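>>> got a predicted structure plus its sequence, pasted below:
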Amino acid sequence: MEKEARREKLSNGRKAVIVVVAAAFIASATTAMLAFTASHRARERDAKVLAADTADLRGELVTWQALVRDTMDAAAQDRQPYIDRLVGHTQGLSVWKPRTPCGRTARDNLARAMEDHVRIFLRGESAPVDNGESRALDAGLRECDAARGRDVDG
């Protein structure tokens, strides 16, 4: 009788261990699935907001280039109002709020390149319509692409 009781206790102990191991496995699998889903959602959200930042910044660049063309078309003595518009556009870009930290980096790169272009005009010199603004924006966006999935704000 005593042997049977001991075997029954061992059998119950094994069953308990199997139940605990199975519960731990299910919890682990559930946690992994939830983490994967959250990561996937973050990547999707990042792609959407980064695409929106990119579209906004590319639009700013197109507008900027049109303003530069207008400035270059004006006679040298009549350029000041056009230069003032360029300055205002650069300042407006600097306060624009990107949706991602990466968009902020790309915005800052573009704004610095625009400011450099304005300084050329202020010295009375001319520069091509694109004096590095496209390169600056593209460099910032390349950084964004490399960081994709890791830079979503809230």
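Cool, got the structure.

>>> center of the protein - which residue?
With distances taken as CA atoms, centre = their mean, Cys102 lies nearest the centre of the chain, 3.5 Å away.

>>> what helix or strand does that one sit in?
helix 101-122 (DSSP states H and E).

>>> elements contacting that helix?
helix 2-73, helix 80-95, helix 133-146 (3 or more CB pairs under 8 Å, 6 or more residues apart in numbering; DSSP states H and E). In this view, the C-beta of every residue, glycine as well, is placed from N, C-alpha and C.

>>> so which elements touch the shortest one?
Counting contacts by 3+ CB pairs under 8 Å, 6+ apart, helix 133-146 packs against helix 2-73, helix 101-122.

>>> between these, which one is closest to Val95.
Proximity to Val95, assessed across those by CB to CB, is greatest for helix 101-122 (9.8 Å).

>>> would you turn the helices and strands packed on helix 101-122 into a markdown table with mean pLDDT?
Output for those, formatted as a markdown table (pLDDT from 0 to 100):
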| stretch | mean pLDDT |
| --- | --- |
| helix 2-73 | 80 |
| helix 80-95 | 94 |
| helix 133-146 | 86 |
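
>>> pick the most buried one from the ones you listed.
helix 133-146 (a mean of 17; mean count of other CB atoms under 10 Å).

>>> all good on my end, thank you.
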